[in-house]
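Asker: sharing a sequence plus its predicted fold:
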Amino acid sequence: MADQARVHVLIEGRVQGVFFRASTRDEARARGLGGWVRNRPDGRVEAVFEGDRPVVENMLKWCHKGPPYAYVDRVEVEWQAYLGDLTDFRIVY
């Protein structure tokens, strides 16, 4: 079994109004990750990803670019203890 990982990210830049949440959901689901994504009132996007460490790391690389109309200035990454409680990936409001 691969090493399991959980990461909390805050993404800054032009990340709201460019389908960042929906694209993140689609990318995470395609990779088989659990977690969630949401817009924050301060203009950032926040997400938690959980799954196999190499897959989570690949998702982080995607977060530095995002969907076509996004422009990512900064990604804050906080590795957390894997809990295994996130079985699907969804948008939260």
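Answerer: All right, it came through fine.
Asker: what about the helices in the protein?
Answerer: 20-30, 53-63 (DSSP state H).
Asker: alpha carbons of the first one, as CSV, please.
Answerer: When you say that, I think you mean helix 20-30. Extracted in CSV, the C-alpha atoms of helix 20-30 (Å, rounded to 0.1, in the frame of the first residue of the first chain):
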residue,chain,number,x,y,z
PHE,A,20,-11.1,26.9,-10.1
ARG,A,21,-13.3,25.0,-7.7
ALA,A,22,-15.1,22.9,-10.4
SER,A,23,-11.8,22.2,-12.1
THR,A,24,-10.2,21.2,-8.8
ARG,A,25,-13.0,18.9,-8.0
ASP,A,26,-12.8,17.3,-11.5
GLU,A,27,-9.0,16.9,-11.3
ALA,A,28,-9.1,15.5,-7.7
ARG,A,29,-11.8,13.0,-8.6
ALA,A,30,-10.0,11.9,-11.7
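Asker: helices or strands next to that helix in the packing?
Answerer: strand 34-39, strand 45-52, helix 53-63, strand 89-91 (3 or more CB pairs under 8 Å, 6 or more residues apart in numbering; DSSP states H and E). For every residue, glycine as well, the C-beta is placed using N, CA and C.
Asker: list the buried ones in the longest one?
Answerer: Within helix 53-63, the residues that qualify as buried by neighbour count (16 or more other CB atoms under 10 Å) are 55, 56, 58, 59, 60, 63.
Asker: just the shortest one next, same as before
Answerer: Of all the residues in strand 89-91, those buried under the rule 16+ other CB under 10 Å are residue 89.
Asker: sheet partners, orientation included, of that strand?
Answerer: strand 34-39 (parallel) (DSSP bridges).
Asker: of the helices of the chain, which is nearest residue 45?
Answerer: Closest of the helices of the chain to residue 45 is helix 20-30, at 5.2 Å (criterion: CB to CB).
Asker: let me see the mean pLDDT of that closest one.
Answerer: If you average the pLDDT over helix 20-30, you get 98.
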